[in-house]
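[1] coordinates only, sequence not included:
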């Protein structure tokens, strides 16, 4: 999709588009950054950092995380598809995914701090991909799967990180 296509879909001239965004990647980064900021706000409002056990943190975050992803409408799924369809937007998506991984790192911090930086990065990449795949599956399935997959994800992450 070109900047011209985006401007046409938005009902603005291409000149107006370029007044606000130097290119489509900048627009994309800003949209993704807005979503990441929304996630930070949700996480902060939940007071997750005050919870002691990993299970408590995950259970407190799970339903708001799904609600947040659902609030994207198709955007969450479309971003995943776009990542593979348009190599030019991959750096923008990677940048925001790195921010999301940092937010998750805070959530899992007490359980991964004893690891080397390399091990920590590997664990966080696995956790991020597992959560993303679970959320994507939920968005494509029915409501009953939300609870089932959420419980399974929490059990897997506890086992992976060593629980409390």
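    It's in. No experiment lies behind these values; they were computed from the predicted model shown.

[2] which SSE is the residue nearest in space to the middle of the chain in?
    With distances taken as CA atoms, centre = their mean, the residue of the chain nearest its centroid is residue 100 (5.4 Å). Element membership of residue 100, judged by DSSP states H and E, is helix 90-112.

[3] now do that helix: which elements does it pack against?
    Contacts defined by 3 or more CB pairs under 8 Å, 6 or more residues apart in numbering; DSSP states H and E place helix 90-112 against helix 24-46, helix 54-70, helix 75-85, helix 117-139, helix 143-161. (C-beta placed from N, C-alpha, C; glycine too.)

[4] which of those helices is buried the deepest?
    A comparison of the helices and strands packed on helix 90-112 by mean neighbour count, using mean count of other CB atoms under 10 Å, puts helix 54-70 on top with a mean of 17.

[5] between it and helix 75-85, how big is the angle?
    Per axes from the mean of the first three to the mean of the last three CA atoms, to 10 degrees, the angle that helix 54-70 makes with helix 75-85 is 80 degrees.
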